[in-house]
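K.L.:
Dropping a prediction and its sequence here:
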Amino acid sequence: MTASGTFGYGIEFEDVVDLTAIGGIIVKGTTFQPRQGNDYPRMAETPSGMLNCVGLQNKGVQYFCETIYPKIRKIDTQMIVNVSGSSPEDYARCAACVNDLEDIHAIELNISCPNVHDGGMAFGVTTEGASSVVRAVRKAYNKTLIVKLSPNVTDIVSIAKAVEAEGADSVSLINTLMGTAIDIEKRRRMLSIGTGGLSGPCVKPVALRMVYQVAKAVNIPVIGLGGISSATDAIEFIMAGASAIEIGTANFLDPAISAKVAQGINEWLDAHNIASVKDIIGVAE
Amino acid sequence: MTASGTFGYGIEFEDVVDLTAIGGIIVKGTTFQPRQGNDYPRMAETPSGMLNCVGLQNKGVQYFCETIYPKIRKIDTQMIVNVSGSSPEDYARCAACVNDLEDIHAIELNISCPNVHDGGMAFGVTTEGASSVVRAVRKAYNKTLIVKLSPNVTDIVSIAKAVEAEGADSVSLINTLMGTAIDIEKRRRMLSIGTGGLSGPCVKPVALRMVYQVAKAVNIPVIGLGGISSATDAIEFIMAGASAIEIGTANFLDPAISAKVAQGINEWLDAHNIASVKDIIGVAE
Amino acid sequence: MALKKHIVDLQVVSKEDLGDRFVLLKCTDPKAPLPPMMPGQFAQLRVDGSKETFLRRPISINFVDMQKNEIWFLVQLVGAGSRALARLQEGDLLNALLPLGNGFSMPASADKKHLLVGGGVGTAPLLYMGAQMSLMGFRPTFLLGARTADMLLQLEDFKRVGDVYVTTEDGTMGEKGFVTQHSILFKQHFDRISVCGPSPMMKAVARFAKQNGVPCEVSLENMMACGLGACLCCVEKTVKGNVCVCTEGPVFDVNELTWE
Amino acid sequence: MALKKHIVDLQVVSKEDLGDRFVLLKCTDPKAPLPPMMPGQFAQLRVDGSKETFLRRPISINFVDMQKNEIWFLVQLVGAGSRALARLQEGDLLNALLPLGNGFSMPASADKKHLLVGGGVGTAPLLYMGAQMSLMGFRPTFLLGARTADMLLQLEDFKRVGDVYVTTEDGTMGEKGFVTQHSILFKQHFDRISVCGPSPMMKAVARFAKQNGVPCEVSLENMMACGLGACLCCVEKTVKGNVCVCTEGPVFDVNELTWE
């Protein structure tokens, strides 16, 4: 699948990749109210990665339902909406709107966005905060509920268990690591809000460790992401315990990467006489 | 300065770098009792970085005092001993031994090693744990006490404040981020104990963010480290609020890097007509 | 209607150093005809062989030679990415995502006078723009500025397709000063101005255009990651809110921008 | 006493493909004479121009030609690092940290028969070893193994300095089978064996040596980061505990190891 905020609504990429060859598309972060996002500059390049502080720019869930959804509902792949908010009620209101969309079977709850002040990551870094959002959304949303976890915590396992206890159907991890970069000539941090979320291959070892820990601790499926750029990377996450994977920043380097990774996984399985990806989930010692 | 565990006792590097051109050398992690460390394999290469799980292999503080110290005491640079342990008392016993060494004016307390089971990082991830170690060591050690902080926490600022309150003279950050890597052909994590500490340029954005946050919050000097490989990197950390910096993993790529970075900082200051590095500490907005 | 985007492995046909700060890469698609591209559009070039870079580099389309199936990129050596591109040799492959963004508006008729103003490496897309105008039977006027004479690039190519006026900051060629001070602006009337160059220069030209009621388009070069409108990193504040430079631009009518 | 270590910018004099899986790089120090180096020591080579690699790559010293001021590295193409090294061209620079580690023990006198056993790319350091023995007036015996004939490397060079016996797993050259099955081992007595190759092969040779009471040294290639004994990553369990392969090795007497 493609990770939220890295593949738009899919249609941006249809010239260069066959969208039906991708397992699923997680469309970009959607909030109840429209948001302008943060000021430019919103990114900085870092060693094997990048920082971003987009800040959930989107036109709101109503616009999504009325204008975007009709364009994407018939794309032959799983379309999942990433939902954000500034309070449990705000998340729930947004989720309720998406609940009514016939061709959207799942949402990914973003309780881990480091780039907005009024919520997001604040919920994702405590078990209480995470629970409160999932509890509110669970009441308003009766299809598949995936919760995206923040890596900026001491104990991600306790957060994963807390959202599982509140009825999450799956957890996805990791969201970005909070970081910064400084322009020494301008004596200023490079991002408009000072900090941003780090993504790309640089975070892969941290993501893989967390997926391994969480997959051992919860009974719901784990979706792995964080720096995946190749079939080998994806298989590492699957062997660490991920039942599915998302590709994020790598879409920026190669817009066709998701289809290539899907194909690469199948080729690897074939070459090793393994019938299904299910046979290697969590096999790493 | 050179970071602990990346420059040995300095003497390993004397063929290829002028040790007196380095501001200081933090010699490798020393414990009260000798330790064999973890089994091989202890490392994995990652995008713009590496994982290690050495596990504090060292011959114990007594061997250090009797055999190593006489060889290094007269090197004309600051020699700082990195001290680890498995309980507050264990840390304090080790620190007390080093307290008696005339030519060692400071220790760096490692409360953040992710690679040993019996302590280390366990202390560094809670304010109570960190406080208990610093309190015990502060009683046993009356010279400069630097405390090295773990980045594997939700709120590094609260830990920094806690150790400051217990009388730490300085904090250094960051230690390594906990991560892993998987060999998909062997279906096994690449490190003998499963996980390791991630270091190298890949962690720089996270380290820089944490240094910025901590420097704003404490009144003791902050020592910055995490992926520094050039004078530009070092100046970023200084502008983020670091009064000094350590170079770690970059020593493996270029054993002479520390002296080059020191020279590069001076050249940059000269080119910008800045009298002292003090004038740029924490200037980044 | 947007032109279809492609991912192509271009092959370097030739590399030419223009002084020691610029490199001209002429590339071809060895497998297929290059797709249609408009002046002002850009490509996202993948940078191989550099540990320091991670993202693609957006580079404007300098020229397209449909006969030779060639596309040209003019690269200024500013960082690790551009230096890695400059290490490419004849025959090397260069992965490109193109064409991206929207181009400059073309003049509606030949009797409209169209001024193309470029500064530094920002002159690059104006060559393709002027060449396309010339093919359509229009004769553009170029006003090109640089710090010194040796930083004025591809002058012979520009002269082949239009009238060329020049300023240099040190007076080593053309009129001394900035492009906005050039006498041509006060001698001739233009019906439209298209600008690409450093931000202060574009703002100055935009101010001149507004004061004189001349329609004016500028080409922005905000930092970007994807180039496809997905990452939302390259946004510019406009009268319609934050919009992506990679998809809504890089060319904007100055009246859409919130520049004062 | 340890030989002084140096950081040098070597320059590639020639690159030779040995089949499609090995590359022989001959390098010189264009500025100074190469430092003294012992057979069995290695260099840490910096890998430029590869996004996938981070650390230096430890490569054994294949040969040193003091007259020509040349050092040779035999590189097997296994991953991103070795493939990046194989992209080096004549004239390119290659930053090296050398010489590192301890070498093989040299024979004490010419009447002692010394067997050098190599497998795969592990034959590399044995060429320099044999050449040095030859210079000292000793004639070494080489026993070289590979999967197939085309993976036996530098045979002509080996033959110039000693007697060469060969095994291949598929029988395409020499005796069919593994080195430990070669008839020479049962026909001749050797006073010392030096081994470099894949771990199972070295263990088999070590077992043979122990059974026959022959002193035996093996060269290990544990993964390493610094090469200077600082990072403690490349440790091997020995009778003295965990020791660094980069400084205490790579050559070990088999009796120091905890191999059963």
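P.N.:
Right, received. Where do you want to start?

K.L.:
contacts, neighbours, all on C-alpha from now
P.N.:
OK.

K.L.:
which residues in the stretch 51-200 of chain A form strands?
P.N.:
Assigned by DSSP state E, counting those that start in this stretch, the strands in the stretch 51-200 of chain A fall at A:78-83, A:106-110, A:144-148, A:170-173, A:177-179, A:182-183, A:188-189, A:196-199.

K.L.:
repeat for the stretch 101-250 of chain C
P.N.:
Assigned by DSSP E, counting those that start in this stretch, the stretch 101-250 of chain C shows strands spanning C:114-119, C:141-146, C:163-168, C:175-176, C:192-196, C:216-219, C:235-238, C:241-244.

K.L.:
for those, which one sits closest to residue D:13?
P.N.:
If you check each of those against residue D:13 by Cα to Cα, strand C:141-146 wins as the nearest, at 42.5 Å.

K.L.:
how many neighbours does the residue lying closest to residue A:194 once chain neighbours are set aside have?
P.N.:
Leaving aside its chain neighbours, residue A:194 sits nearest to residue A:180 (6.8 Å; criterion: Cα to Cα, 6 or more residues apart in numbering or on different chains). The local packing of residue A:180 (other Cα atoms under 10 Å in any protein chain shown) involves 30 other residues.

K.L.:
hang on, isn't residue A:180 packed against residue A:190?
P.N.:
Yes. Counting by Cα atoms under 8 Å, residue A:190 is a contact partner of residue A:180 at 7.5 Å.

K.L.:
any low-confidence regions in chain A?
P.N.:
A:114-121 (pLDDT under 70).

K.L.:
So which residues on it come close to chain B?
P.N.:
Within reach of chain B by Cα under 8 Å from any Cα of the partner chain, chain A has these residues: A:46-49, A:125, A:152-155, A:177-184, A:187-189, A:194-195, A:198, A:201-203, A:205-210, A:232, A:235-236, A:239-240, A:283-285.

K.L.:
Now residue 228. Its backbone dihedrals?
P.N.:
Assuming you mean chain A. phi -70, psi 120 (degrees, to the nearest 10).

K.L.:
Kindly report the same for residue A:176.
P.N.:
Residue A:176 adopts backbone torsions of phi -80, psi 150, taken as degrees, to the nearest 10.

K.L.:
can you give me the helices for the stretch 151-260 of chain C?
P.N.:
C:155-161, C:184-187, C:199-211, C:245-248 (DSSP state H, counting those that start in this stretch).

K.L.:
Same question for chain A.
P.N.:
When assigned using DSSP state H, the helices of chain A occupy the ranges A:60-63, A:69-72, A:88-99, A:121-124, A:127-140, A:156-165, A:204-217, A:231-240, A:250-253, A:257-271.

K.L.:
one step back: can you go through the residues of chain A next to chain B and name the buried ones?
P.N.:
Among the residues of chain A next to chain B, those classed as buried by neighbour count (16 or more other Cα atoms under 10 Å in any protein chain shown) are A:46-49, A:125, A:152-155, A:177-184, A:187-189, A:194-195, A:198, A:201-203, A:205-210, A:232, A:235-236, A:239-240, A:284.

K.L.:
Next, the closest residue to chain D within chain C: secondary structure please.
P.N.:
For chain C and chain D, the shortest gap (Cα to the nearest Cα) falls at residue C:49, measuring 4.2 Å. Look at residue C:49: counting by DSSP: H, G, I helix; E, B strand; the rest coil, its state is coil.

K.L.:
Report the separation between it and residue D:49.
P.N.:
4 Å (Cα to Cα, to the nearest Å).

K.L.:
circling back to that earlier point, turn the strands of the stretch 101-250 of chain C into CSV, columns for mean pLDDT.
P.N.:
Below are the strands of the stretch 101-250 of chain C laid out as CSV (pLDDT from 0 to 100):
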stretch, mean pLDDT
strand C:114-119, 96
strand C:141-146, 96
strand C:163-168, 96
strand C:175-176, 95
strand C:192-196, 96
strand C:216-219, 97
strand C:235-238, 96
strand C:241-244, 95
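
K.L.:
What distance do you get for residue C:107 to chain B?
P.N.:
Computed with Cα to the nearest Cα, to the nearest Å, the distance linking residue C:107 and chain B is 45 Å.

K.L.:
count of neighbours near the residue in the stretch 51-200 of chain A positioned nearest to chain D?
P.N.:
Relative to chain D, the nearest point of the stretch 51-200 of chain A is residue A:200 (12.9 Å; Cα to the nearest Cα). Neighbour count of residue A:200, defined by other Cα under 10 Å: 26.

K.L.:
Kindly report the residues of the stretch 151-285 of chain A close to chain C.
P.N.:
Close to chain C, as judged by Cα under 8 Å from any Cα, the stretch 151-285 of chain A has residues A:251-253.

K.L.:
So residue C:201 sits against residue C:119, correct?
P.N.:
Yes. Using Cα under 8 Å, residue C:201 is in contact with residue C:119, at 7.3 Å.

K.L.:
shared neighbours of the two, anything?
P.N.:
Shared contacts of residue C:201 and residue C:119 (Cα atoms under 8 Å, 6 or more residues apart in numbering or on different chains): residue C:179.

K.L.:
more crowded one of these two?
P.N.:
Just comparing residue C:201 and residue C:119: by other Cα under 10 Å the higher neighbour count belongs to residue C:119, 26 against 19.

K.L.:
Pull the contacting residues for residue C:141.
P.N.:
C:113-116, C:162-165.

K.L.:
Now with 10 Å, please.
P.N.:
Listed by Cα atoms under 10 Å, 6 or more residues apart in numbering or on different chains, the contact partners of residue C:141 are C:113-117, C:130, C:158-159, C:161-165, C:184, C:190, C:193.

K.L.:
repeat for residue C:126
P.N.:
Contacts of residue C:126 (Cα under 10 Å, 6+ apart): C:39-40, C:60-63, C:104, C:116-118, C:132, C:140, C:142, C:144, C:158, C:194-196.

K.L.:
if we can go back for a sec, give me the common contacts of residue C:49 and residue D:49.
P.N.:
With Cα under 10 Å, 6+ apart as the test, residue C:49 and residue D:49 both reach C:84, D:84.

K.L.:
How about the contacts made by residue A:260?
P.N.:
By Cα under 10 Å, 6+ apart, the contact list for residue A:260 reads A:17, A:21-22, A:229-231, A:254, A:266.

K.L.:
what's the most distant pair in these?
P.N.:
A:254 and A:266 (19.3 Å).

K.L.:
what about these two, which has more around it?
P.N.:
Using other Cα under 10 Å as the criterion, residue A:254 and residue A:266 rank with residue A:254 on top: 21 against 17.
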